[in-house]
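A.B. asks: Next come a sequence and a model predicted from it.
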Amino acid sequence: MQSESPAATAAPITTAAKLPGLLGLSPTDIAAFVAESGEPAFRAKQILEWIYAKRATSIEAMSSLSKSLRVALAEKFTARCLTIAKVTGSEDTTRKFLLKLQDGRYVETVLIPANPALYGGDSDRRTLCVSSQVGCAYDCKFCASGLAGFTRNLTAAEIVEQIVQVEAYAGERVDNLVFMGMGEPLANYSNVTKAIEILNAEWGIGIGARHMTVSTSGLAPQIRKLADFPLQIRLAISLHGASDDVRSQIMPVNQKHPLAELFDALQYWRSKRKQHITLEYILIQGVNDMLEQARLLAKRARGIHAKVNLIPYNTVDGLPWTRPSEAQQDAFRDVLLAAGVTATLRREKGHDIAAACGQLRLKQETAEGIIESPVPEKRITIGAGAAAA
């Protein structure tokens, strides 16, 4: 576990609830605050260093700032706007973090340990699956996140803080991010892209742009907009159907942005960037696992030089789907490989703790404690001592 300086662990100044988070501020934002406060310009650099380099967990801990400046900062911002409520999993396996927001809502983020089978060689890459919204409005039929509907977008600070909180808890650096948690990232475009800029910046968190992947259900106009975004992030598409009739059964967004429009936007993306697009395809028995779908998928993937990530369906309480047999999974993959498409079959980590693809779901707090919507789930409770260990 990494240690923090005494200053970084000092008790925070008491602030009003629901203040914006410091982890969502850019150097420009901080400079504007400093100027507005009548402070000398060099204070902006000091504040920036406390937020990102030193990762101060409270404004009171920023000891090089004057008391008056700390008070002014605490009146407008909070150093932390998330708390870790629960962790499921163990140190050497996939771990799911339940995070409580200032308004009492919950989101989940998942830390996936190094996996040489996915990344090759002796890779020690640690991946975090990041949430961008509380709930989701897109109602993908295999997914738990949308079961209770959409509540709100996460702020840039709440997105960035997921990484900061997990790194502090786990005592290790996260070096790969996938925006595949709760919510549709491109429906929260401005906050997600601002968070990506902070996460990438040398003055911020310092994660390489090519180590960040944004996954979308297929919002074609926003894909075009993201193609013009300056950072070389990667793109993944939750496809899950190679024809409009099949995809529309699974992905309601397909009725607004059908496959022709989606793939036209992906061609535009390809014209702007060299990275391969990833087509995510959850295999659902009797729905989209037919070999004819595999042949259509191969044709679409070849058309945009995409790679395909096949994921056997992960069980969600309250949903009727089941995963195909392993023989059918292999047969589907083999059709893609025979057609010259790069395809992987990912038998998911995290299924046993409901942390796998499609299993993250909205939480709510009741008199009986934290429950899921609509079905409660047993989880490991982390006490104060364990969280600090």
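C.D. replies: Noted; the coordinates are in hand.

A.B. asks: pLDDT weak spots in this protein?
C.D. replies: In the predicted model of the chain, residues 1-17, 115-124, 144-148, 316-318, 347-389 satisfy pLDDT under 70.

A.B. asks: Would you map the strands across the stretch 151-300 of the chain?
C.D. replies: Along the stretch 151-300 of the chain, counting by DSSP state E, counting those that start in this stretch, strands occupy 176-179, 212-216, 234-238, 278-283.

A.B. asks: From the chain's centroid, how far away is the shortest one?
C.D. replies: Between the centre of strand 176-179 and the centre of its chain there are 6 Å (CA atoms, centre = their mean, to the nearest Å).

A.B. asks: With the third one instead?
C.D. replies: Here strand 234-238 shows a centroid-to-chain-centroid distance of 12 Å under the convention CA atoms, centre = their mean.

A.B. asks: Check which helices and strands that strand sits against.
C.D. replies: Strand 234-238 sits against strand 212-216, helix 259-272, strand 278-283, with contacts defined as 3 or more CB pairs under 8 Å, 6 or more residues apart in numbering; DSSP states H and E. Bear in mind the C-beta positions are built from the backbone N, C-alpha and C, glycine included.

A.B. asks: Adjacent strands (with direction) for that strand?
C.D. replies: strand 212-216 (parallel), strand 278-283 (parallel) (DSSP bridges).

A.B. asks: Check the shortest one too.
C.D. replies: Pairing partners of strand 176-179, with direction, according to DSSP bridges: strand 127-129 (parallel), strand 212-216 (parallel).

A.B. asks: So what touches it?
C.D. replies: 125-130, 132, 163, 185, 192, 199, 207, 211-215, 236 (CB atoms under 8 Å, 6 or more residues apart in numbering).

A.B. asks: Would you mind finding the most buried of the strands paired with strand 176-179?
C.D. replies: strand 127-129 (a mean of 24; mean count of other CB atoms under 10 Å).

A.B. asks: and the residue lying closest to Q328 once chain neighbours are set aside, what does it touch?
C.D. replies: Sequence neighbours aside, D289 is the residue nearest to Q328 in space, at 5.7 Å (criterion: CB to CB, 6 or more residues apart in numbering). Remark: with contacts taken as CB under 8 Å, 6+ apart, D289 is in contact with 283, 324, 328-329, 332.

A.B. asks: What backbone torsions are found at D289?
C.D. replies: phi -100, psi 10 (degrees, to the nearest 10).

A.B. asks: Indicate which one of the strands paired with strand 234-238 is closest to K67.
C.D. replies: strand 212-216 (38.1 Å; CB to CB).

A.B. asks: can you state the direction angle for that closest one and helix 259-272?
C.D. replies: Here the directions of strand 212-216 and helix 259-272 differ by 160 degrees (axes from the mean of the first three to the mean of the last three CA atoms, to 10 degrees).

A.B. asks: how about the CA coordinates for strand 212-216, as PDB?
C.D. replies: Provided in PDB are the C-alpha atoms of strand 212-216 (Å, rounded to 0.1, in the frame of the first residue of the first chain):
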ATOM      1  CA  MET A 212      -8.200   4.900 -22.600                       C
ATOM      2  CA  THR A 213     -11.200   3.300 -24.400                       C
ATOM      3  CA  VAL A 214     -14.600   4.900 -24.700                       C
ATOM      4  CA  SER A 215     -17.400   2.400 -25.300                       C
ATOM      5  CA  THR A 216     -20.800   3.500 -26.800                       C
END
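
A.B. asks: Just name whatever secondary elements the helix or strand containing L99 is in contact with.
C.D. replies: Using DSSP states H and E, L99 sits within strand 95-101. In terms of contacts (3+ CB pairs under 8 Å, 6+ apart), strand 95-101 is packed against strand 82-88, strand 106-112, helix 156-170.

A.B. asks: follow-up on the earlier one: rebuild the strands paired with strand 234-238 as JSON lines, extending it with distance to A31.
C.D. replies: Putting the strands paired with strand 234-238 into JSON lines (distance: least, CB to CB, whole Å) gives the following:
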{"stretch": "strand 212-216", "distance to A31": "26"}
{"stretch": "strand 278-283", "distance to A31": "38"}
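
A.B. asks: Contacts only, for the residue nearest the centre of the chain.
C.D. replies: Central residue of the chain (CA atoms, centre = their mean): V130, 1.8 Å from the mean position. Residues near V130 by CB under 8 Å, 6+ apart: 109, 159, 162-163, 177-181.
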